[in-house]
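Asks: Next come a sequence and a model predicted from it.
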Amino acid sequence: MIKKLLLVLLFGVVVLFSLNSLSEESVSEGEIMFEALGCWGCHGRGGLSTDERYPVLAGRDADWIVQQLEDFQSGELVSPMMNVMAPMAEGFERVIAEYLASQEPPEGSCHNPEVSNCQ
């Protein structure tokens, strides 16, 4: 119970901080949600992860990203962090995925070559 309360409190702080730090100029709903949910903490700003433990999501296929989020939400894919984070994106999977798909990936930016569409 305390863990859930702390998670909700942390989420609220992240949302307030992230929304406060976003410029009002040409910011998509997907970008707002990606930032507000703290996805950038692991996957990097704009989905440009610099940590080999987390895949680069910039430029990935939107349908693939939606499917990954849904699989983490359902528990079909298991990751302690993603099984907690993905449910918070519920209802925003498509806008987040389209935002990430629209981002330009850096050349040679694949941290997980086993994943399809990984360049």
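Replies: Sure, I can see it.
Asks: So which residues of this protein form helices?
Replies: 2-21, 29-36, 40-43, 62-74, 82-85, 93-101 (DSSP state H).
Asks: And these, which one averages the lowest pLDDT?
Replies: Of all the helices of the chain, the segment with the smallest mean pLDDT is helix 2-21, scoring a mean of 60.
Asks: For stretch 74-83, buried residues please.
Replies: Of the residues in stretch 74-83, those buried under the neighbour-count criterion (16 or more other Cβ atoms under 10 Å) are residue 82. Glycine gets a C-beta too; all of them are placed from N, C-alpha and C.
Asks: Endpoints of it, how far apart?
Replies: Using Cα to Cα, to the nearest Å, the end-to-end distance of stretch 74-83 comes to 8 Å.
Asks: Tally up the residues packed near residue 88, please.
Replies: Burial measure for residue 88: 19 neighbouring residues, criterion other Cβ atoms under 10 Å.
Asks: middle-most residue in the protein, spatially?
Replies: Nearest to the mean C-alpha position of the chain, counting by Cα atoms, centre = their mean, stands residue 39 at 3.9 Å.
Asks: for it, what are its contacts?
Replies: Contacts for residue 39 were tallied using Cβ atoms under 8 Å, 6 or more residues apart in numbering; they are 47, 85, 89, 96.
Asks: how much space is there between it and residue 86?
Replies: When Cβ to Cβ, to the nearest Å is applied, the distance between residue 39 and residue 86 equals 10 Å.
Asks: How about residue 43?
Replies: Distance of residue 43 to residue 86, computed by Cβ to Cβ: 12 Å.
Asks: repeat for residue 60
Replies: 15 Å.
Asks: now do residue 46
Replies: For residue 46, the distance to residue 86 - Cβ to Cβ - is 19 Å.
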